[in-house]
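>>> Output the structure for:
(4 chains)
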2 protein chains.
Amino acid sequence: MSLQHALLGVLEARPMSGYDLVQFFDGSSGYIWAAPQSQIYPTLRRMEQAGLIAGDDEQRGPRLTRTVYSVTEKGLAELRKWLSTPGKPQPVRDPVLLQALHFDMIESEQAHEVLEQFIREQEAAAEEAEGHRDRLLRQETPLLVERLSRHDPTDHDRIARLKAHVFAGLAATARTRAEWAREGQRLLATRKTPGED
Amino acid sequence: MSLQHALLGVLEARPMSGYDLVQFFDGSSGYIWAAPQSQIYPTLRRMEQAGLIAGDDEQRGPRLTRTVYSVTEKGLAELRKWLSTPGKPQPVRDPVLLQALHFDMIESEQAHEVLEQFIREQEAAAEEAEGHRDRLLRQETPLLVERLSRHDPTDHDRIARLKAHVFAGLAATARTRAEWAREGQRLLATRKTPGED
DNA sequence: CACTACATGTAACTAGTTACATGATTCG
DNA sequence: CGAATCATGTAACTAGTTACATGTAGTG
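I've put the predicted structure just below:
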């Protein structure tokens, strides 16, 4: 369900083809929401049928066309409605936590290594998110610029700060999880009861 | 795939029936991993077929039987192997972040309310996780007690602390997210560029 | 006898993953 | 002309969700 809202969200900034959207959601740009190409095309067609978006066929060369989708009034209303609806708490399903729950069953060296890799991932994710946050604050990202072009300049800072805050949150969560994993590594190092250092 | 490992993990502490496992994963106890009843029974049968667990039929009254599953050698090996394998980074797909990304499109009062509910959920989740962490540290939870009964007493503290740490992580993440949402509420309150207070 | 807990299932669906398939256009 | 990029699809699968269905056993 949310993929539709994610698509509406970016199309609201700028009409795009399925291919453009694939770059956005499938590639490394897939911050916040990720989706493979095979999911995007059928979803776009379903959304067009539902009247949330409208496709406009453009000629690119003699026999190649691309369909550029834009958000309809109905789509905009649906997006606004969804944005205003508190989401129900989704069930926790985190593989790393599940692994950590049973780290007493394996050698602590192996558990340490699993956490080590996790830490690297989380730190990398945090840095990427912080980079994106900064680019948003400096209003350097193409999509944001396009979005802002249709707003009163006095609103630009507030909009940029709101978007940036989402990436700050992504970064903060990743840092928290990395720190948790490091604490886990320290715990793994303690053996038996007396070695309390 | 991970549901199987979650099931192996609790069955390793104590053999259980499908019904028992449903209480564990479907009810409020479904910390760390949640799964509905309709997913658990078929999964158990597939796992038995795969030789990861073995079912033992017990009579409960004249015409009611229950099947108690226990982890086989093969299941234990599979669990240990999975525990030692670093998991690939899973795509981020967080509805609240997706909503927050477009909070500039709705009234800030409504966005504030969405965050308010999110904060309440996260704080509640944090408190529940912290409660469970403390019960684990005091070695009060039934399953942990059962698990520890098959371990050298000198290991008990370390095992309990490792398990508790997972719930500490759950709590820490929830607190971080709640704090992020509160910061978001503050940002929403700022209007236009000059009102920087 | 009614209610709760025990115990196990199935059907239909949505979302997401992995892999394959095809052709057009542009650029060096 | 070959490679990269543009552009759009399909098939087969796994995981997870929602809802329904059925009967037994214990307790007040």
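>>> Going by C-alpha atoms from here, please, whenever you check contacts or count neighbours.
OK.
>>> Identify the single longest helix in chain A, thanks.
For chain A, the longest helix by residue count, based on DSSP state H, is helix A:153-189.
>>> Grab the nearest non-local neighbour of A:Glu179.
Of all residues not flanking A:Glu179 in the chain, A:Ile119 sits nearest, at 7.9 Å (C-alpha to C-alpha, 6 or more residues apart in numbering or on different chains).
>>> distance of the most centrally placed residue in chain A from A:Glu146?
The geometric centre of chain A, computed from its C-alpha atoms, lies nearest to A:Ile32 (C-alpha atoms, centre = their mean), at 1.0 Å. If you measure A:Ile32 against A:Glu146 using C-alpha to C-alpha, to the nearest Å, the figure is 19 Å.
>>> repeat for A:Glu130
In this structure, A:Glu130 and A:Glu146 are separated by 21 Å, where distance is defined by C-alpha to C-alpha.
>>> before we move on, back to that, from chain B, how far out is the residue nearest to A:Glu179?
Relative to chain B, A:Ile119 is positioned 11 Å away (criterion: C-alpha to the nearest C-alpha, to the nearest Å).
>>> what number of residues lie near that residue?
20 (other C-alpha atoms under 10 Å in any protein chain shown).
>>> can you check A:Ala174 too?
23.
>>> still on that earlier bit, which one's more surrounded, A:Glu130 and A:Glu146?
For A:Glu130 and A:Glu146, the more surrounded residue by other C-alpha under 10 Å is A:Glu130, and the numbers stand at 20 against 12.
>>> Secondary structure element holding the more buried one?
Secondary structure here is read from DSSP states H and E; on that basis A:Glu130 sits in helix A:108-137.
>>> Now that helix: buried residues?
Using 16 or more other C-alpha atoms under 10 Å in any protein chain shown as the burial criterion, the residues of helix A:108-137 that qualify are A:108, A:111-112, A:114-119, A:121-123, A:125-137.
>>> what about chain A, any weak spots by pLDDT?
The model of chain A has pLDDT under 70 over residues A:28-29, A:193-197.
>>> mind listing what the residue nearest to A:Glu179 touches?
Contacts of A:Ile119 were listed using C-alpha atoms under 8 Å, 6 or more residues apart in numbering or on different chains, and they are A:Arg177, A:Ala178, A:Glu179, A:Ala181, A:Arg182.
>>> now do 10 Å
For A:Ile119, the contacting residues are A:Glu113, A:Ala125, A:Ala174, A:Arg175, A:Arg177, A:Ala178, A:Glu179, A:Trp180, A:Ala181, A:Arg182, by C-alpha atoms under 10 Å, 6 or more residues apart in numbering or on different chains.
>>> most neighbours, which of the residues you listed?
Taking other C-alpha under 10 Å to define a neighbour, the member of these with the most is A:Ala181, carrying 26 neighbours.
>>> My guess is that residue contacts B:Leu162. True?
No. Under the contact definition of C-alpha atoms under 10 Å, A:Ala181 does not touch B:Leu162, with a separation of 11.3 Å.
>>> what is in contact with these two at once?
Listed as contacting both A:Ala181 and B:Leu162 by C-alpha under 10 Å, 6+ apart are A:Ala100, A:Leu187.
>>> Now A:Leu11: phi and psi?
Summarising the backbone geometry of A:Leu11 under the convention degrees, to the nearest 10, its torsions are phi -70, psi -20.
>>> now A:Gln122: how far from A:Thr176?
Using C-alpha to C-alpha, A:Gln122 is found at 9 Å from A:Thr176.
>>> what sits against A:His165?
A:His165 is in contact with A:130, A:133-134, A:136-137, A:159, A:171, B:97, B:100-101, B:180-181, B:183-184, B:187, counting by C-alpha under 10 Å, 6+ apart.
>>> so A:Leu137 sits right up against A:Val145, yeah?
No. Using C-alpha under 10 Å, A:Leu137 and A:Val145 do not qualify as a contacting pair, with a distance of 11.2 Å.
>>> what residues do these two have in common as contacts?
Residues touching both A:Leu137 and A:Val145 comprise A:His156, A:Ala160, with contact defined as C-alpha under 10 Å, 6+ apart.
>>> Quickly find the element holding the closest residue to A:Gln37 other than its chain neighbours.
Counting by C-alpha to C-alpha, 6+ apart, the nearest residue to A:Gln37 once its immediate chain neighbours are dropped is A:Val22, at 5.5 Å. Using DSSP H and E, A:Val22 sits in helix A:18-26.
>>> Next, the buried residues of that helix.
Neighbour count says helix A:18-26 has A:Gly18, A:Leu21, A:Val22, A:Phe24, A:Phe25, A:Asp26 buried, by 16+ other C-alpha under 10 Å.
>>> List just the nearest of these to DNA strand D.
For DNA strand D, the closest of the buried residues of helix A:18-26 turns out to be A:Gly18, at 3.7 Å, with distances computed as C-alpha to the nearest atom of the strand.
>>> Spatially nearest residue to the closest one, not counting backbone neighbours?
A:Tyr41 (6.2 Å).
>>> Was I right to think that neighbour contacts A:Leu21?
Yes. The pair A:Tyr41 and A:Leu21 qualifies as a contact (C-alpha under 10 Å) at a distance of 9.2 Å.
>>> Specify the local secondary structure of A:Pro89.
Using DSSP: H, G, I helix; E, B strand; the rest coil, the structure places A:Pro89 in coil.
>>> so how far is B:Arg186 from the closest residue to it other than its chain neighbours?
Here the nearest residue to A:Pro89 in space, its sequence neighbours aside, is B:Glu121; by C-alpha to C-alpha, 6+ apart that works out to 7.0 Å. Per C-alpha to C-alpha, B:Glu121 is found 19 Å from B:Arg186.
>>> near DNA strand D, which residues of chain A?
Proximity of chain A to DNA strand D is assessed by C-alpha under 7 Å from any atom of the strand, with A:17-20, A:37-39, A:41-42, A:60, A:64-68, A:90-91, A:93 identified as the residues in range.
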